[in-house]
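Chemist: Based on what follows, work out the 3D shape:
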Amino acid sequence: MARTRLYPPSVDPGFPELTPTPEGWTRATFGDILDVVERPTKLRPDVTYRLLTAKRSRGGIALRGELLGREILTKTQFEAKAGDFLISRRQIIHGACGVVPEELDGAVVSNEYSTLRTRPTLSMDFLRHYAHAPYFQRTCFHSSHGVDVEKMIFKIDEWLARDVDIPPLPEQRKIAAILFSVDDAIEATREVIDQLGVVKKAMMAELFTRGVPGRHTRFKQTEIGEVPEEWRTSRIGDLLEESAYGTSTKCEPNAVGVPVLRIPNVVTERITTADLKYARMSPSDLASYALRQGDLLVIRTNGNPAYVGRSAVFPALAGDWAYASYLIRLRPKHELITPAFLHEAMRSESVRKTMQGAIRTSAGNYNLNTQGIANTVVPVPPLEEQAQIVGTAHLLGERIEAEAASLGALSAMKAALMSVLLTGEVRVRPDEEAA
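Modeler: Prediction:
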C-alpha cells in the first residue's frame with residue numbers, strides 16, 4: 001500500500017537530492033561515517049533504571065523517568081552512552097533525535113531507538129547541527145514507511161545507504177564552533193527573557209497588593225487580599241458601561257466588508273492585525289459590534305484554558321472594526337478605571353485565580369461568560385496611581401519584547417548560517433589553517 005503523503009511542517013516533501021559536492025568535501029553514505037551500536041541490557045527486577053526519550057521538534061535527548069526493572073514492560077533495553085546519537089524510529093520525521101549528554105550516560109532506551117556512533121571522519125558536534133538541516137530531515141522522511149504519518153517507521157538500513165556530503169574534519173569543527181556560538185547567544189537571550197518574566201510577575205504582584213512603592217503605609221484586608229487602605233475593590237461589572245458578545249456573521253479572508261478581530265488577534269494580549277478576516281455587515285449590525293478606542297476584548301472560549309480570559313485593549317485604528325463571537329467586548333467607565341489598568345488587573349495572578357472559578361467546560365472547550373467576568377473583583381486605585389502601575393507594566397513589557405525580537409533575529413541568523421555552512425555554499429577557514 002502506498003504511503004499517505006502527509007508531511008510534518010518542518011519537512012520539505014521533495015525527494016532528497018544533493019547538489020554537486022563542494023570542492024574538498026567528500027561524498028559518502030551515512031553508513032560510511034556512522035556505526036550502529038547495540039548494548040542490550042537484560043533488566044533486573046529490583047534495579048532502578050533511567051529511561052531516555054528523544055523530544056520532537058529537535059528538542060534533544062531527555063530523561064523520560066526512572067523505573068524499577070520489574071515496572072518496565074519491555075525487559076530488554078539498550079544502554080546508551082554519553083556521545084551516542086539516538087534516533088527515534090517512530091518520531092524521527094518530527095525531529096526526534098539527538099546526542100546523549102554526559103549526565104545521562106548509562107541510561108537505557110527501548111528497541112524503538114537506533115543508536116549511532118561517529119567514525120573518525122565525522123565530528124559529533126557537526127552531526128548535532130547537521131541533524132537539523134533540511135537534507136537530513138528529508139532523508140529520514142524518505143527512509144520511513146507506513147500508511148499514516150503518525151505510524152511511519154524509520155528504516156535505519158535504508159537510511160544508512162543514502163548519500164551525504166561532508167567537509168573535512170577541521171572545517172566540520174569550525175562550522176560547529178560558529179553554530180555553537182550562536183546557540184550560546186540564543187540560550188543567553190532566553191534566560192534573560194525568562195528572568196525578566198519572573199521579575200515582571202513579582203513586581204506586578206507587589207504593585208497590585210501594595211501599590212506604588214513608598215506611597216502607602218496603611219493596608220486593609222479585602223475579598224481579594226490585602227490592598228492599600230486608599231484603594232477600593234469592585235466587581236468588574238460595576239466598572240463597565242457595557243459588555244457584549246461579538247458577531248457570528250461568517251467571515252472571509254478576501255478583504256471585503258469590515259475587518260473582524262478574532263482570537264488569534266487577541267491571544268498575545270495585544271491587538272494584532274495579521275491574518276484578518278472580513279464580514280459584510282448591515283449598518284445596524286455594525287453599530288452593535290463596532291469597536292471604539294479603549295474597548296477591552298476578552299477571549300471567552302477556547303480549548304486551551306490558559307487562553308480563556310486573556311484580554312487586549314483596542315487601540316486607535318482607522319476605519320470600522322468589529323469582533324467575533326468567541327470574544328467579549330468590555331467598555332470601561334473611564335472615570336473609574338482606565339482600559340489599560342483593567343487589562344493589567346485581569347492579567348494579575350490574584351484576579352486570574354478568582355476568574356478561574358467562573359470558567360466552565362463543555363465539549364472540550366473552556367468557557368467564560370459576561371456574568372463570570374462581571375462578578376470578578378479587581379482592585380481600583382485612584383486614576384493617577386493606575387497610570388503609574390500601567391507605566392511600569394509597559395516598561396517591563398517593552399524590555400521583554402525587545403529581548404524577544406533579539407531572540408527572533410538570532411534564530412533567523414542561525415537558520416541562515418546553517419543553510420549556507422552545512423551545504424558548502426559558504427566556506428569557512430578552519431582555525432588550525434589560519435596563519
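Chemist: So what pairs up with residue 219 in the strands?
Modeler: Beta-bridge partners of residue 219, counted by DSSP bridges, are residue 228.
Chemist: and it, how far is that from residue 205?
Modeler: Note on residue 219: its distance to residue 205, by Cβ to Cβ, to the nearest Å, is 15 Å. No exception for glycine: its C-beta is placed from N, CA and C like everyone else's.
Chemist: Who has more neighbours out of these two?
Modeler: For residue 219 versus residue 205, the count of surrounding residues by other Cβ atoms under 10 Å is larger for residue 219: 16 against 13.
Chemist: Surely the more buried one and residue 210 touch.
Modeler: Yes: with contact defined as Cβ atoms under 8 Å, residue 219 counts as touching residue 210 (7.5 Å).
Chemist: what do those two both touch?
Modeler: Shared contacts of residue 219 and residue 210, defined by Cβ atoms under 8 Å, 6 or more residues apart in numbering, are found at 226, 228.
Chemist: Who's the closest spatial neighbour of residue 19, skipping the chain neighbours?
Modeler: Nearest residue to residue 19, sequence neighbours excluded (Cβ to Cβ, 6 or more residues apart in numbering): residue 423, at 6.9 Å.
Chemist: ok so the one you found is a strand residue?
Modeler: No: checked against DSSP: H, G, I helix; E, B strand; the rest coil, residue 423 lies outside a strand; its state is coil.
Chemist: Verify the stated contact: it with residue 20.
Modeler: No: using Cβ under 8 Å, residue 423 makes no contact with residue 20, being 10.7 Å away.
Chemist: Looking at those two, which one has more neighbours?
Modeler: Ranked by neighbour count (other Cβ under 10 Å), residue 423 and residue 20 place residue 423 first, with 16 against 9.
Chemist: Please name the residues that touch that one.
Modeler: 19, 22, 133, 135, 165.
Chemist: Spatially central residue in this structure, please.
Modeler: residue 57 (10.9 Å; Cα atoms, centre = their mean).
Chemist: so that one sits right up against residue 97, yeah?
Modeler: No: in this structure residue 57 lies outside contact range of residue 97 using Cβ under 8 Å: 10.9 Å.
Chemist: number of nearby residues for residue 207?
Modeler: Residue 207, neighbours per other Cβ under 10 Å, totals 21.
Chemist: residues touching the nearest residue to it once chain neighbours are set aside, list them.
Modeler: Leaving aside its sequence neighbours, residue 207 sits nearest to residue 389 (Cβ to Cβ, 6+ apart; 4.9 Å). Neighbouring residues of residue 389 by Cβ under 8 Å, 6+ apart: 207-208, 211-212, 341, 344, 381.
Chemist: Residue 382 now?
Modeler: Contacts of residue 382 by Cβ under 8 Å, 6+ apart are 230-231.
Chemist: residue ranges for the strands of the stretch 101-250 of the chain, please.
Modeler: Assigned by DSSP state E, counting those that start in this stretch, the strands in the stretch 101-250 of the chain fall at 108-109, 113-118, 144-145, 153-154, 163-166, 219-222, 225-228, 232-235, 240-245.
Chemist: what's the first one in contact with?
Modeler: Put plainly, it is strand 108-109. Here strand 108-109 makes contact (Cβ under 8 Å, 6+ apart) with 41, 49-52, 77-80, 86, 115.
Chemist: again, only using 7 Å
Modeler: The contact list for strand 108-109, computed with Cβ atoms under 7 Å, 6 or more residues apart in numbering, reads 41, 49-52, 77-80, 86.
Chemist: Next: the last one.
Modeler: Residues outside strand 240-245 that contact it (Cβ under 7 Å, 6+ apart): 325, 328-333, 370, 373-374.
Chemist: got it, and the second one?
Modeler: Outside of strand 113-118, the residues within contact range by Cβ under 7 Å, 6+ apart are 33-38, 78, 80, 84-89, 124, 127, 156.
Chemist: Now, these that are in helices?
Modeler: 33, 124, 127, 156 (DSSP state H).
Chemist: tell me the pLDDT at the last one?
Modeler: In the prediction, the pLDDT value recorded for residue 156 is 95.
Chemist: hang on, it packs against residue 38?
Modeler: No: taking contacts as Cβ atoms under 7 Å, residue 156 lies outside contact range of residue 38: 11.2 Å.
Chemist: more crowded one of those two?
Modeler: Of the pair residue 156 and residue 38, residue 156 is the one with more neighbours under other Cβ under 10 Å, namely 19 against 9.
Chemist: residues in contact with the more buried one?
Modeler: 36, 114.
Chemist: Please export the alpha-carbon coordinates of stretch 187-194; PDB is fine.
Modeler: C-alpha atoms of stretch 187-194 as PDB (Å, rounded to 0.1, in the frame of the first residue of the first chain):
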ATOM      1  CA  GLU A 187      20.300  30.400  25.200                       C
ATOM      2  CA  ALA A 188      21.600  33.600  27.000                       C
ATOM      3  CA  THR A 189      18.700  35.600  25.500                       C
ATOM      4  CA  ARG A 190      16.200  33.000  26.500                       C
ATOM      5  CA  GLU A 191      17.500  33.100  30.100                       C
ATOM      6  CA  VAL A 192      17.200  36.900  30.100                       C
ATOM      7  CA  ILE A 193      13.600  36.700  28.800                       C
ATOM      8  CA  ASP A 194      12.800  34.100  31.500                       C
END
